[in-house]
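> Predicted model, plus sequence, below.
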Amino acid sequence: RRSWHAAAWHWHAGPRCIRRAGERQRTAACCATGAVASRPSVALLAWPVVGECAAAGIEHCAVRHVHKAVAAGVRVHINARPHPSNITDAVTAHHRVHHMISLLHHLLVATLARLWFILMLPLLLWPMQRLVEQFESLVLSAGPGAPEADGRAFPRPIGQERDGARAPQQPFDRANCSAENMRPTVVGVPNSTALRLRWQLPLGIIVRPMADEAMGRSVPVIPLGSQGIVRCRRCRTYMNPFCTWVDGGRRFKCNVCAMLNEVPVEYFSTLDANGLRRDVAERPELSCGTVEWVAPQEYMVRPPMPPVYFFAIDVSVAAHSCGMVAVVADTIRACLDQLPGDERTQVGFLTYDSSLHFYNLKASLAAPQMLVVTELDEPFLPMPDDLLVNLTDSRPVIEALLDALPSTYSSSTSNDSAMGAALQAAFLVMSHVGGKLLLFQAGLPTLGSGKLKPSRDNLNLYNSDREPSLRNPEDPFFKRFAGEASSRQITLDVFLGSNGFADMASLASIPRFTCGQVYYYPGFHKMRDGPKLSAELSRNLTRPTAWEAVMRIRCSRGLKIGSFHGHFFNRSTDLLALPTCDPDKSFAVQIGHEETVVNGPVAYVQCALLHTSSNGERRIRCAGNQACQTTGVFERGVCTVVWGGSNSGFVVLAADDVRRGSTTQPC
């Protein structure tokens, strides 16, 4: 009877049956109503029947059939015809009951799931508990039947062995230097200038030539042999593990410029089946990424210089009132035994306020002699010798000076500072040998050359094209002095403690061009800033130092050094003048493209630092030669540039490789 014809008949007969018939007719009408409401095409026709059912007192039937129509997906228009309110209330109540039944169902399922997990948990943990019991039953013994040994009696690493076990392990490939020596800015570099134009990241490396001393590692030293230093004749690259050997070992191919070079007779060695020299394990330059060559005589312009420390100390009223003079004198005296250079170290002292105070530290004197110079425009040396003396020979006189220095000028009333004249006088003392000049300044210089204004604010320059000029030195004296100091191998370190305006743009220009450093203590106070000044000064005096150094970086054909960033004086496009260099100095190098396309599967970078050690030996430290290998197969040339060690490679990718998302892995 649920056919289309039956539904159409019940549409006409249903309401009349409900109004006139008895209980049996009402039941038949409800069935007809359900048949009509279950058909989406006649859903609207079912509403009059539902209304009649409600009016006849059989609301439960109407509600049930409305709910069936809604559940079946019928789009019901309730407002198509007015309905009694009891139908709406009945529908709402029915939905609430259905919602409560659904919530009870979900709660019952969740409760059963939790109960199942609680019952099954012991069965899941039983294998693990059994494994723990078996492990606890193990005993330490020499073998079956032997007595049990006490694990607490076993020796534990202590001292250097413990520190070595905890320290980061060296990379597996020793041919690559450590990442502390060279670290790239990005993992990949484009292999063409066209791709470089689309490259949005800085391309370069961070070079730290003396990082091994900071990490506590020793660098292999190659003694000077009869063959001299083996290097390429064209690009002057030093021998490294990535050079290849041809013609039975009689010639080697430079890994940077690909030139074939003759091997000296004293350096010759036969090759094995893999084309490697048989003495690879005996020569550090063929297996280590960082080595030091002992330089021959032709690498020296003059005899190796001794370590020199010259101290220029401000003794004005401002310096004494804040306690800087006392902290400096005590720290220098405590570090005399730790200065590098052993018996070759030389020291000198100069104090200044409105005049210059030199000190005769001759070893034969019982106490230091002070010599005062009041000429500030053209300062001169009151005596040619004994202003820079050997530390070991004049140790008693130097200690007497440092002990008396805080009290000597405690009653001074001079508020002026002739810093520029003091720098010129120190330059005259050190110009024949070079060294490190440490300047301690408690305020702005007010007399002589290099005097500065108490303020440089110019509101008219803000937000204009000339605003960067506020960060340039105010007086040309500073740049001129920096160039002269660098040419004489003098480094300037500035310790500045000022209670007011400090013209850092001017004072920092000298350390910038002499490989120095600036230590700034705003509003210096002895109790607050004294420990910090003492710690930094101790570090400055006792750290390993390379003297009268120059550094050059070479890279493979197709790449070039774009620019350098750091504290140095640039003598040429790729040569940096470093009067001193220490483990705390780093330099940033930008890499560019010299050719349109970088040819070859691999590229290399080598950093060479020619310096004098504190022991008076001229050496060449070669670091770099890092190499990286790709793990994918590419359609176009892929160049790998090596810089960072086994954990940081520099891969040169082609444009197609970037689009394909190629991945590489350093060796």
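Cool, got the structure. Computed from a predicted model, the values in this text were never measured in an experiment.
> Around the closest residue to Q369 other than its chain neighbours, count how many other residues there are.
Leaving aside its chain neighbours, Q369 sits nearest to N360 (4.0 Å; criterion: Cβ to Cβ, 6 or more residues apart in numbering). Where C-beta positions appear, they are placed from N, C-alpha and C, glycine not excepted. Counted with other Cβ atoms under 10 Å, residues neighbouring N360 total 18.
> for N360, what are its contacts?
By Cβ atoms under 8 Å, 6 or more residues apart in numbering, the contact list for N360 reads 368-371, 383, 386-387.
> Looking at G448 now. What's its pLDDT?
Looking at G448, its pLDDT is 86.
> scratch that, A55
So, for A55, pLDDT stands at 43.
> likewise S431?
Here the pLDDT value assigned to S431 is 93.
> and the residue nearest to it when sequence neighbours are not counted, how many residues sit next to it?
What sits nearest to S431 in space, not counting adjacent residues and going by Cβ to Cβ, 6+ apart, is R488, at 4.8 Å. By the measure other Cβ under 10 Å, the count of residues near R488 is 16.
> do the same with T612
25.
> ok, now I118?
The criterion is other Cβ under 10 Å. On that basis, I118 has 9 neighbouring residues.
> did I read that right, it in a helix?
Yes. Per DSSP: H, G, I helix; E, B strand; the rest coil, I118 lies within a helix segment.
> and the gap between it and L112?
Separation of I118 from L112 (Cβ to Cβ, to the nearest Å): 11 Å.
> Quick one: residues contacting the residue nearest to S431.
Per Cβ under 8 Å, 6+ apart, neighbours of R488: 427, 430-431, 434.
> quick one: the strands in the stretch 551-667 of the chain?
Using DSSP state E, counting those that start in this stretch, the strands found in the stretch 551-667 of the chain span residues 559-565, 569-570, 575-581, 587-593, 602-603, 605-612, 618-624, 639-641, 650-653.
> Tabulate these (JSON lines), appending distance to I553.
Output for these, formatted as JSON lines (distance: least, Cβ to Cβ, whole Å):
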{"stretch": "strand 559-565", "distance to I553": "6"}
{"stretch": "strand 569-570", "distance to I553": "12"}
{"stretch": "strand 575-581", "distance to I553": "8"}
{"stretch": "strand 587-593", "distance to I553": "6"}
{"stretch": "strand 602-603", "distance to I553": "13"}
{"stretch": "strand 605-612", "distance to I553": "5"}
{"stretch": "strand 618-624", "distance to I553": "8"}
{"stretch": "strand 639-641", "distance to I553": "13"}
{"stretch": "strand 650-653", "distance to I553": "14"}
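> Lowest average confidence across those strands, which one?
Across these, the lowest-scoring stretch is strand 639-641, with a mean of 36.
> Test my guess that Y352 contacts A422.
Yes. In this structure, Y352 is within contact of A422 by Cβ atoms under 8 Å, at 4.2 Å.
> Report the set of residues contacting both of the two.
Jointly contacting Y352 and A422 under the rule Cβ under 8 Å, 6+ apart are A312.
> Would you mind telling me which of the two has more residues around it?
Using other Cβ under 10 Å as the criterion, Y352 and A422 rank with Y352 on top: 33 against 29.
> bridging residues for that one?
On the basis of DSSP bridges, Y352 is bridged to D314, L356.
> Return the per-residue confidence for it.
For Y352, the predicted pLDDT is 94.
> where along the stretch 151-300 of the chain do the strands fall?
Going by DSSP E, counting those that start in this stretch, the stretch 151-300 of the chain shows strands at 182-184, 188-190, 204-207, 221-222, 244-246, 251-253, 260-262, 291-294.
> need the ones you listed in JSON lines with mean pLDDT, can you?
Formatted as JSON lines, those follow (pLDDT from 0 to 100):
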{"stretch": "strand 182-184", "mean pLDDT": "85"}
{"stretch": "strand 188-190", "mean pLDDT": "71"}
{"stretch": "strand 204-207", "mean pLDDT": "90"}
{"stretch": "strand 221-222", "mean pLDDT": "94"}
{"stretch": "strand 244-246", "mean pLDDT": "92"}
{"stretch": "strand 251-253", "mean pLDDT": "94"}
{"stretch": "strand 260-262", "mean pLDDT": "95"}
{"stretch": "strand 291-294", "mean pLDDT": "94"}
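> who wins for proximity to M100 among the ones you listed?
Nearest to M100 among the strands of the stretch 151-300 of the chain is strand 188-190; the distance by Cβ to Cβ comes to 62.2 Å.
> ok, the residue lying closest to E467 once chain neighbours are set aside - contacts?
Nearest non-adjacent residue to E467, counting by Cβ to Cβ, 6+ apart: L461, 5.1 Å away. Contacts for L461 (Cβ under 8 Å, 6+ apart) come out as 467, 469-470.
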